[in-house]
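Engineer: need a structure here:
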Amino acid sequence: MKSPKPVFVCQDCGAQAPKWMGRCVECGAWNSLVEERPAQAPAGGAASHRYHPGAGGEARLYAEVETTTAARLSTGIGEFDRVLGGGVVPGSLVLLGGEPGIGKSTLLLQAAAHVARDVGPVLYSSGEESEHQIKSRGERLGVDRAPLYLLAETCLERILEEIARLKPALVIVDSIQTIFSLKFQSAPGSIGQVREAATQLLFTAKGSNVPTFLVGHVTKDGSLAGPKALEHVVDTVLYFEGERHHSHRVVRAVKNRFGAVSELGVFEMTGGGLRPVPNPSKLFLAERPVDSPGSAVLCSIEGSRPILVEVQALVSTSSYGNARRMASGIDQQRLALLLAVLEKRAGLNLLGEDVFVNIAGGMTVDEPAADLGIVAAVASSVRNRPIPAGTALFGEVGLAGEVRGISQAPLRIREAAQMGFQRCIVPEANLDPSAGGAGDGDGCELVGVRSVGEALDALLP
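Structural biologist: Below you'll find the model as predicted:
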């Protein structure tokens with residue numbers, strides 16, 4: 001049989017080309033095409049790709065399909081279970097991505113030890129560390145004697161054999177970019193190898209009803225290496241975020257077929273591993289300065305959880321011809337839009353001023369409800385007048401200077417009241433209880449505003 005012709009696959013977007021070219025015609029990346037030889041089709045045809053062991057090849061009527069609700073497996077880490085939607089769904093394939101050294105392997109080893117103690121054997125396969133290195137980290141984390149099996153292997157077929165032999169309750173593969181299949185001649189980490197490894201592990205997870213975690217590397221721009229082909233295969237995609245110089249870490253769900261998207265889990269990195277933070281608002285506001293101009297507290301919603309964060313702004317006269325605008329934790333284009341609204345609608349002169357805005361603690365906020373907090377912090381710094389310490393605020397700011405209503409206002413106000421805030425500046429549209437508004441405010445004074453001018457008058461009279 002004639003061997004299949006080689007194809008050239010772009011390592012950035014996955015596009016294929018019949019010959020090598022210096023630039024990918026799909027995404028425009030230079031020198032990203034790598035030669036790959038596709039595997040020959042097996043004699044079994046489509047039957048070899050069937051992952052359900054007892055499934056037939058015929059379609060079934062929707063009404064005849066029986067659904068079963070399987071109990072989720074707890075990882076023993078409350079914040080991790082929250083991000084997953086209440087625990088690990090049997091047979092699910094979960095991808096955890098993040099920068100090197102941020103704590104992915106540490107978190108999964110802690111979860112593996114708990115599942116091994118309470119549920120059954122766990123297979124931890126690592127292509128980057130030896131068994132002795134994993135054991136050393138486990139001793140530091142306090143992992144005791146549990147049915148936790150360690151496998152230092154990069155061959156996909158060998159890993160699948162161990163899964164079939166051990167029949168574990170949980171499988172962890174660290175990382176998917178180091179795994180290679182004997183069917184392909186390309187190097188580990190290429191598009192073909194990553195797609196084949198993820199697909200075969202998906203078939204195994206669904207067919208054996210074994211939940212599987214995959215660790216994924218990230219590229220320079222912070223996206224998962226693979227690229228999107230890997231995210232489409234898995235059931236859940238989690239991103240591990242955090243600054244190296246901050247002790248806390250954030251696990252964020254960007255795709256979840258079994259739970260809420262954009263759910264958030266907060267952890268603190270300690271000498272004994274990652275410790276869950278049940279009250280993130282208290283963590284992010286712990287070092288907030290009192291009566292300091294340029295500081296405002298906004299209430300953000302991440303998934304189903306309200307979190308209070310501090311927005312800091314510093315406005316100073318520019319020493320150069322062009323004023324600088326720098327943002328950390330928010331979109332810089334959104335900051336430029338809000339500064340234009342402040343200058344046009346509120347009468348603040350910011351044309352020749354340097355503006356620096358930061359979300360304290362390394363948190364990232366990307367929802368429109370943060371607009372009013374950013375505007376208030378900038379105005380406070382310009383006027384050099386502090387916002388009262390017991391005041392929190394949220395709301396979306398439009399181009400006409402109006403303050404628009406946002407979703408889940410009662411949840412935000414309840415979190416502010418629990419943290420001791422006595423006053424909340426909210427959009428007037430969120431005050432109507434009949435429309436799902438805030439109601440009595442849970443003991444917190446509510447001030448409704450319709451425009452940026454009204455909000456600044458209420459905050460900085």
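
Engineer: From now on I want contacts and neighbour counts done on CA atoms only, so please keep to that.
Structural biologist: OK.

Engineer: average pLDDT for stretch 358-373?
Structural biologist: Taken as a whole, stretch 358-373 has an average pLDDT of 91.

Engineer: List the buried residues of it.
Structural biologist: In terms of neighbour count (16 or more other Cα atoms under 10 Å), stretch 358-373 has its buried residues at 358-365, 368-373.

Engineer: Repeat that for stretch 300-316.
Structural biologist: 300-303, 305-315.

Engineer: Alpha carbons of that stretch, in PDB - could you do that?
Structural biologist: Coordinates of each C-alpha in stretch 300-316 appear next as PDB, following Å, rounded to 0.1, in the frame of the first residue of the first chain:
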ATOM      1  CA  SER A 300     -17.400  42.300  40.500                       C
ATOM      2  CA  ILE A 301     -19.100  39.000  39.600                       C
ATOM      3  CA  GLU A 302     -17.000  36.100  38.600                       C
ATOM      4  CA  GLY A 303     -19.200  33.200  37.600                       C
ATOM      5  CA  SER A 304     -21.700  32.900  40.500                       C
ATOM      6  CA  ARG A 305     -19.400  34.600  43.100                       C
ATOM      7  CA  PRO A 306     -19.300  38.300  44.000                       C
ATOM      8  CA  ILE A 307     -15.800  39.600  44.800                       C
ATOM      9  CA  LEU A 308     -14.900  43.100  46.100                       C
ATOM     10  CA  VAL A 309     -11.700  44.500  44.600                       C
ATOM     11  CA  GLU A 310      -9.900  47.800  44.900                       C
ATOM     12  CA  VAL A 311      -9.300  50.000  41.900                       C
ATOM     13  CA  GLN A 312      -6.400  52.300  42.200                       C
ATOM     14  CA  ALA A 313      -5.800  55.300  40.000                       C
ATOM     15  CA  LEU A 314      -3.000  57.800  39.800                       C
ATOM     16  CA  VAL A 315      -3.200  60.900  37.600                       C
ATOM     17  CA  SER A 316      -0.200  63.200  37.300                       C
END
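
Engineer: Under a three-state scheme, what state does the most centrally placed residue in the chain occupy?
Structural biologist: Nearest to the geometric centre of the chain sits R252, at 2.6 Å (Cα atoms, centre = their mean). Of the three states, R252 takes strand under DSSP: H, G, I helix; E, B strand; the rest coil.

Engineer: Show me which helix runs longest in the protein.
Structural biologist: helix 191-208 (DSSP state H).

Engineer: ok, residues contacting that helix?
Structural biologist: Helix 191-208 has contacts (Cα atoms under 8 Å, 6 or more residues apart in numbering) with 9-11, 14, 36, 50-53, 91-93, 156, 160, 176-177, 179-181, 184, 186-188, 210-212, 226-227, 229-230, 233-234.

Engineer: what mean pLDDT would you report for stretch 139-156?
Structural biologist: 92.

Engineer: End to end on it, go ahead and measure it.
Structural biologist: This stretch, stretch 139-156, spans 28 Å end to end (Cα to Cα, to the nearest Å).

Engineer: What residues does P386 make contact with?
Structural biologist: 291-295, 380, 460.

Engineer: ok, now how distant is L160 from G97?
Structural biologist: 22 Å.

Engineer: With that, I have no additional questions.
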